[in-house]
Each structure stands twice: as structure tokens, then as C-alpha cells.
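Novice: Make a model of this:
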Amino acid sequence: MTIGDLNEIEGKRYPARRRTQGLVGDGPQPIKAKNFAFGHVTLEPNGGQVPWHNQEQEETYFVIEGTGEMCLGEERQTLSTGQMVYIPPGVFHQLTNIGDTPLRMIYTYAPGGDVAHWRQELAGTLPKAGENGIPPLPAGARPQCTDKPTDA
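Specialist: Residues are numbered from 1 along each chain as shown. Sure thing, here's the model as predicted:
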């Protein structure tokens, strides 16, 4: 039996003020799976973010604690504890913590595999909303974090 324990997974910290801990997948995650990925994300208070990006996989975000602004394509809505959003393949999306406490969420996507936005954010090359063919954020949305890594 293989057990993944969040208390034992350091995960990665990203410039957009979040920590991602992969539990299931085909990389360094403790539970190996090729057909889907599953993990835990903590967005820091007041602006921690999963920046505007898209990917080929279907994905869901399930908020287990906190309040966030979810942008999906041209839509923008508030998500809070106990709510889940479905993200279709190829659709640009962003989640920003709009609360004074950490936002904790679970993601899952399928099929499994690497997603480019993690590497791009760490390299400081994440494409910017509204530039070079990337769609703009929905009207009124909080800006995309495009901070460069400070300890690269």
C-alpha cells in the first residue's frame, strides 16, 4: 500500500505566492499514476495565485478552505469553501485568493503528465494575459501575477 502524506511533502513554492504539493502523478509524487494527477495547493492571503494559463488536460479545483476569485475564459466568479469548478481542456483560467486567510484547494487533472505553466512560472516565462495571442483576463479581474522568481 502506498500512502501520500501532505505533512511529509514539501512541494514547490511559486512566485505567485502559492505552494503546490503533488500527491498523485507520474513525477516525484508519492503515489504514481499515469492517467490523472491530484494535489493540494495553498494560496497565500490577499493575492496568492494560480496565474492565468491553460493546459490540454481537463481539470477541477475544489476549495477546501478560503475564498478566491476564479477566472475561466471570459467568466469571473467568487469560489469559497466547499465549491468546485470544472476547467475544460484548453480554456485559460486563474484562481486568486481574495481573503485574509490562506486559500487551500485540491486540484485534479486528467490525463496525467506535466503541465507547462509550472515550469514557465519558475523560469519567469509564463505568457502574459492579453499579449501575443493570449486572451485577456475577464473584465474586473485581479491582475495576473507575472513576478519573476527571486531565487532562481
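Novice: List the beta-bridge partners for the residue nearest the centre of the chain.
Specialist: Nearest to the geometric centre of the chain sits V50, at 3.9 Å (Cα atoms, centre = their mean). For V50, the beta-bridge partners under DSSP bridges are L95.
Novice: what about L122, is that helix, strand or coil?
Specialist: helix (DSSP: H, G, I helix; E, B strand; the rest coil).
Novice: Would you state the strands of the chain in chain order?
Specialist: Remark: strands assigned in the chain by DSSP state E are 12-14, 18-25, 31-32, 37-43, 49-53, 58-65, 67-72, 75-80, 84-87, 93-97, 103-110.
Novice: how about these in JSON lines, adding distance to R119 and mean pLDDT?
Specialist: No exception for glycine: its C-beta is placed from N, CA and C like everyone else's. What follows is the strands of the chain, written out as JSON lines (distance: least, Cβ to Cβ, whole Å; pLDDT from 0 to 100):
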{"stretch": "strand 12-14", "distance to R119": "11", "mean pLDDT": "94"}
{"stretch": "strand 18-25", "distance to R119": "12", "mean pLDDT": "96"}
{"stretch": "strand 31-32", "distance to R119": "20", "mean pLDDT": "94"}
{"stretch": "strand 37-43", "distance to R119": "15", "mean pLDDT": "97"}
{"stretch": "strand 49-53", "distance to R119": "11", "mean pLDDT": "97"}
{"stretch": "strand 58-65", "distance to R119": "17", "mean pLDDT": "98"}
{"stretch": "strand 67-72", "distance to R119": "21", "mean pLDDT": "98"}
{"stretch": "strand 75-80", "distance to R119": "26", "mean pLDDT": "98"}
{"stretch": "strand 84-87", "distance to R119": "19", "mean pLDDT": "98"}
{"stretch": "strand 93-97", "distance to R119": "17", "mean pLDDT": "98"}
{"stretch": "strand 103-110", "distance to R119": "15", "mean pLDDT": "97"}
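Novice: got these as JSON lines, with distance to T150 columns?
Specialist: Listed next are the strands of the chain as JSON lines, based on distance: least, Cβ to Cβ, whole Å:
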{"stretch": "strand 12-14", "distance to T150": "10"}
{"stretch": "strand 18-25", "distance to T150": "14"}
{"stretch": "strand 31-32", "distance to T150": "31"}
{"stretch": "strand 37-43", "distance to T150": "18"}
{"stretch": "strand 49-53", "distance to T150": "16"}
{"stretch": "strand 58-65", "distance to T150": "26"}
{"stretch": "strand 67-72", "distance to T150": "24"}
{"stretch": "strand 75-80", "distance to T150": "28"}
{"stretch": "strand 84-87", "distance to T150": "29"}
{"stretch": "strand 93-97", "distance to T150": "20"}
{"stretch": "strand 103-110", "distance to T150": "22"}
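Novice: Alright, calling it a day.
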